[in-house]
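Enquirer: give me coordinates for this.
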Amino acid sequence: MTADPGQPRHEPHSAPDPAAQFSTAAASRVRTGDDGSIDVLASVGGVRGLVESSLPAAAFLIAFLVTEELMTALIISVVIGLGFAVARLVQKGSLVQSLAGLAGILICALVAYRTGDARDFYAWGFLINAGYLVAFLVSILIKWPFLGLLFGVVRGEGLDWRKDPERRRRYSLATWLLLAVPALRLIIQVPLYLADDVAGLGTARLVMGIPLYALALWVGWLISRPPQSPLEAGAHEATHPAEQDKRG
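Expert: Below you'll find the model as predicted:
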């Protein structure tokens, strides 16, 4: 029995590619400029993102060093984090981003409160950094380097970069650089934790926070940059139409 040619044909849907879905989701937060280059500051949340990620921890450190009262320092950091979350919700910002930042502060505060030790405010960060380190390492070893998944979508390559050994090598090198961020944090901060140096640990956490990650992201973008990505080519054509007319 043949199908009625007048009826629309339904093509089977292929199963969604988990790697492509993850790549698209991860790349959705990466921002680029008009020339196709990465806008690192915007990608990490802008000035507001830097303040929201740094101020609660900075307030905790300053309050504890000044008052030597753990509970006072915890309350101040949580109140500031709660204030940022409420402000984002009132301004109809991302619910996930608002609650994620607050959840991180609450977890840090809860751990320190349960142990009664100020340095444990930073203990949760060790687990987070260890998780990132393992995830980046695994992505390199299985030849799906994280920055390839992240930048491939942004540059318009999709997952085609995996077919090119040189592109895969560059993305692996860039991911090694990104992996160095959590590795350095652990190498420097764990000894400070063991030495019970709250001031040094808190300062190191602030200095090695988002700014260090942003630097690694920017250098990784440069290292993995192709001769000219499809996105950059399109941006160049849009900003230099006269050159394209001459070549045509």
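Enquirer: C-alpha from now on. contacts and neighbour counts both.
Expert: Fine.
Enquirer: A73 and I210, how far apart?
Expert: A73 sits 22 Å away from I210, going by CA to CA, to the nearest Å.
Enquirer: higher neighbour count, these two?
Expert: Taking other CA atoms under 10 Å, A73 and I210 do not tie; A73 has more neighbours (23 against 18).
Enquirer: buried ones in the longest helix along the chain?
Expert: Counting residues, the longest helix found in the chain (DSSP state H) is helix 165-194. Applying a neighbour-count criterion of 16 or more other CA atoms under 10 Å, one finds 167-179, 181-183, 185-186, 189-190, 192-193 buried in helix 165-194.
Enquirer: what residue lies at the spatial centre of the chain?
Expert: V44 (6.8 Å; CA atoms, centre = their mean).
Enquirer: how near is it to G125?
Expert: 18 Å.
Enquirer: show me where pLDDT drops low in this protein?
Expert: Applying pLDDT under 70 to the chain flags the ranges 1-29, 31-37, 93-95, 97-98, 228-248.
Enquirer: quick one, domains of it?
Expert: Using automatic domain parsing, the domain parsing of the chain gives 45-116, 119-235.
Enquirer: am I right that L50 is in contact with G209?
Expert: No. Using CA atoms under 8 Å as the test, L50 is too far from G209 to be in contact (9.1 Å).
Enquirer: buried residues in the one helix or strand W124 maps to, which are they?
Expert: Assigned by DSSP states H and E, W124 falls within helix 123-141. Along helix 123-141, these residues count as buried under the neighbour rule (16+ other CA under 10 Å): 123-125, 129, 132-133, 136-137, 139-140.
Enquirer: counting by contacts, list what that helix packs against.
Expert: helix 95-115, helix 146-154, helix 165-194 (3 or more CA pairs under 8 Å, 6 or more residues apart in numbering; DSSP states H and E).
Enquirer: can I get it in CSV? Just the C-alpha atoms.
Expert: Extracted C-alpha coordinates of helix 123-141, given in CSV (Å, rounded to 0.1, in the frame of the first residue of the first chain):
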residue,chain,number,x,y,z
ALA,A,123,35.7,24.9,52.4
TRP,A,124,32.8,24.4,50.0
GLY,A,125,34.9,26.3,47.3
PHE,A,126,37.5,23.5,47.5
LEU,A,127,34.9,20.9,46.4
ILE,A,128,33.7,23.2,43.6
ASN,A,129,37.1,23.7,42.3
ALA,A,130,38.0,20.0,42.5
GLY,A,131,34.8,19.3,40.6
TYR,A,132,35.8,21.7,37.8
LEU,A,133,39.3,20.4,37.7
VAL,A,134,38.1,16.8,37.2
ALA,A,135,35.4,17.8,34.6
PHE,A,136,37.9,19.8,32.5
LEU,A,137,40.5,17.0,32.7
VAL,A,138,38.0,14.4,31.7
SER,A,139,36.8,16.5,28.8
ILE,A,140,40.4,16.7,27.5
LEU,A,141,41.1,13.0,27.9
